[in-house]
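# Dropping the sequence and predicted coords here.
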Amino acid sequence: VSQELNKEYASIFSPFWNEIIKSLREEDFISNREMDLLSIPSNTGSLRLVQWPLFLLSSKIFLAIDLALDCKDTQADLWNRICRDEYMSYAVQECYYSIEKILHSLVDGEGRLWVERIFREINNSILENSLVITLSLKKLPLVLSRFTALTGLLIRNETPDLAKGAAKALFQLYEVVTHDLLSSDLREQLDTWNILARARNEGRLFSRIEWPKDPEIKEQVKRLHLLLTVKDSAANIPKNLEARRRLEFFSNSLFMDMPPAKPVCEMIPFSVFTPYYSETVLYSTSELQKENEDGISILFYLQKIFPDEWENFLERIGRGESAGGVDLQENSTDSLELRFWASYRGQTLARTVRGMMYYRRALMLQSYLERRPIGVTDYSRSGLLPTQGFALSHEARAQSDLKFTYVVSCQIYGQQKQRKAPEAADIALLLQRNEALRVAFIHVEDSSAADGKVSKEFFSKLVKADIHGKDQEIYSIRLPGDPKLGEGKPENQNHAIIFTRGEAIQTIDMNQDNYLEEAMKMRNLLEEFRTDHGIRPPSILGVREHVFTGSVSSLAWFMSNQETSFVTLGQRVLANPLKVRMHYGHPDVFDRIFHITRGGISKASRVINISEDIYAGFNSTLRQGNVTHHEYIQVGKGRDVGLNQIALFEGKVAGGNGEQVLSRDVYRLGQLFDFFRMLSFYFTTVGYYLCTMMTVLTIYIFLYGRAYLAFSGLDRAISRQAKLSGNTSLNAVLNTQFLVQIGVFTAVPMIMGFILELGLLKAVFSFITMQLQLCSVFFTFSLGTKTHYFGRTILHGGAKVCTHFSDLIRSKFHTLSFFVSIFFSQSANFYAFET
């Protein structure tokens, strides 16, 4: 590919990449310095080669100088050694061309004549393959140190003192280049050059400098200064592991198979839908400062587990590193920013809203760069616009609003406003900060009939924030009665789904997150509806998840690894080739028209629909839908972090599977599937829990049998008989080491996922670390929990299980739980501890 074509591709890609880097800075995952190192120049200037991000070129100049200092060969040999590292050759060329352009812009008159003469002589030497003779390469470090001193002044705003300092630094550079770097012949020619000698003797040489004012030159000076001073390895940029993981996944996903994206005006319109009840919206100042029984506040905890992000936050708001939470509360703006910073690191509605609104930001940027007005079919990518003002473009905002809608179903928002709850004020704040956000809620009014009786009327309402920040009603639909008849979450979804728009709908839970780089691939994902996936078109597009709560504790890490293996490796196999993937409450994208005409996206019947989400998959499959899974896009997901929360969640899932055994949907699927698909469906849903229950019960039988043999004295006699008769099978049965391996067996999919995602070495290291943290004990405990709830649901029904989980609110942070309360909170523990 030619250099010009590479430069054109880089100029097209750079606005998207730089916006991603900017979002990482806004989220405080990277510092200002790292943002400069990660950003790509526009590549639209006069520089004749592709400009890569500085982190790829960092320290390459110093390595090239080391090669030059050790050079005892010809120019061609030296250049071949440099070109072995592609980015080193780019760094050397960019450094050379940038120095020429910057020096040419700084001086005029005799100074410009000197610059042109120097570079003309060097270019001639390069053409004649005599550079190592023309220049004294041993003096390169001295020359670069002088030039670095000059750029260190030029990157600052001009003052009279800085102008004098820059003129002096430039004259010192002239002295070093003329008398140290150049060969003796060239040195004599320059010293006897009358024009230059006269200007030097009269003190006019470099007496006046044209300070960089052109944006392109200023950016080039800043970039060149970083190129000559940064010595960090590219492997250490960025330092934050989450930022590194996100950039790695995005870069790798670009090489995966995905449909080409249509222009924004031709893409499939879609909505995002989030049910909310009474979970945390935004942490208040008092909540952040309130200390628990150990004397630790939420803010203190966050500062300790995210120290680099805290420093980046203080840098972003212009505060010193010594500033604390109390200092920030003195300023109302800083106090609000602190609340958002903490809330974005918890499982809050604010985090979910910020993540989902990245869809609108991505669509605005894409629409703006396409330069395609509504109704115009021919357009060109040439002459790309600067991206600084895309958020203010009326056309880009209109395009994104036509294609994207975000509805949060806050069921009791009306009641929260009436009692002036802090959650209502926080939701109103989110509405003000996100103009495309819509909130649906149930409004209750008292009405009196003709006979004087007072009755309640129920309305589904949709509101947005007006220009004054007040709630503006968009739609109000009268309901025939109280909609809260079944399970809470699906009823919350059902009353508000009419407010969604478009042909697709993505279901997002309250504890999820999204990223700008993933939002940019949403157009590609939606094209899957138009792609051939077999006999029937897709009705549900499966999306992978990243569990972001793994860093909180070892239990959270076990849980996140287990879930990650399911939502990547597991669901990939379920979708293809088994074709039995359902919907599991994850961020799947539904064909909206298909589902609202065939029963909706979740079932709300009491008791039977504890796991309400999977019934959308059952419903879709029974009505000849097609469920797929796609690995090139992901959404963040929060999981439970404490032992009690994990047990409750697994109990809910196990109880839900117990109810599925009794449901008509599973019966119909079993009747209609072919033999192989039926077995695949069985072992990936209710069959897994049946096998788990049988495994635990078998262990009981085995252990009691072993105890009987040991106490009765038959154990020794049977062993002796087995040895005499050579019965190795009986000996193997009597061994008990496989009991320890049961917990490991459940981790096999997770280990395979590690190998695929991280590589063999990191997978082995992670597995050993988990074993040292007693993950086998955790997974054995998990088996007991699943067995208890599944068995109890089969025997007694699941009404108690349902109410047990209806008020479960996940927390990002640790809360102190005593061992006694954990042990006696659920009888599931008896299975686990006895096993």
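In hand now; what should we look at? Numbering: from 1, shown residues only.

# and the lengthiest helix in the chain, what does it pack onto?
When the chain is parsed with DSSP state H, its longest helix is helix 686-712. Taking 3 or more CB pairs under 8 Å, 6 or more residues apart in numbering; DSSP states H and E as contact, the helices and strands that helix 686-712 lies on are helix 643-661, helix 714-725, helix 738-745, helix 775-796. C-beta: built from backbone N, CA, C; applies to glycine.

# Report the buried residues of that helix.
686, 689-690, 692-693, 696, 699, 709 (16 or more other CB atoms under 10 Å).

# How far off centre is it?
Mean-position distance between helix 686-712 and its chain equals 43 Å (CA atoms, centre = their mean, to the nearest Å).

# re earlier: format the helices and strands packed on helix 686-712 as JSON lines; extra columns: mean pLDDT.
Supplementary listing: those in JSON lines, determined by pLDDT from 0 to 100:
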{"stretch": "helix 643-661", "mean pLDDT": "86"}
{"stretch": "helix 714-725", "mean pLDDT": "80"}
{"stretch": "helix 738-745", "mean pLDDT": "62"}
{"stretch": "helix 775-796", "mean pLDDT": "84"}
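
# wait, which of those is closest to residue 79?
Closest to residue 79 of the helices and strands packed on helix 686-712 is helix 775-796 (CB to CB; 53.2 Å).

# List the buried residues of that closest one.
For helix 775-796, the buried set under the neighbour-count rule, 16+ other CB under 10 Å, comprises 775-776, 778-794.

# Run the chain-centre distance for it.
Shown here is helix 775-796, whose average C-alpha point lies 32 Å from the average C-alpha point of the whole chain (CA atoms, centre = their mean).

# what are the C-alpha coordinates of stretch 26-44, in CSV please?
These are the backbone C-alpha positions of stretch 26-44, laid out as CSV (Å, rounded to 0.1, in the frame of the first residue of the first chain):
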residue,chain,number,x,y,z
GLU,A,26,-13.0,11.7,30.7
GLU,A,27,-13.4,8.5,32.6
ASP,A,28,-10.1,9.1,34.3
PHE,A,29,-8.5,5.9,33.2
ILE,A,30,-5.6,7.8,31.6
SER,A,31,-3.7,11.0,32.5
ASN,A,32,-3.2,14.1,30.3
ARG,A,33,0.2,12.9,29.4
GLU,A,34,-1.0,9.4,28.4
MET,A,35,-3.7,11.0,26.3
ASP,A,36,-1.1,13.0,24.4
LEU,A,37,0.9,9.8,23.9
LEU,A,38,-2.1,7.7,22.7
SER,A,39,-3.6,10.3,20.4
ILE,A,40,-3.1,10.1,16.6
PRO,A,41,-2.3,13.3,14.7
SER,A,42,-4.8,14.3,12.1
ASN,A,43,-2.4,13.2,9.3
THR,A,44,-3.9,16.0,7.1
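
# Contact partners for the residue nearest in space to the middle of the chain?
Centrality entry for the chain: nearest residue to the mean C-alpha point is residue 515, 4.6 Å, by CA atoms, centre = their mean. Contact criterion CB atoms under 8 Å, 6 or more residues apart in numbering gives 23, 246, 355, 358, 636 as the residues in contact with residue 515.

# if we go to 10 Å?
With contacts defined as CB atoms under 10 Å, 6 or more residues apart in numbering, residue 515 is in contact with 20, 23-24, 27, 242, 246, 249-250, 355, 358, 362, 546, 633-636.

# Residue 137 too?
Counting by CB under 10 Å, 6+ apart, residue 137 has contacts 65, 67-71, 78, 131, 181.
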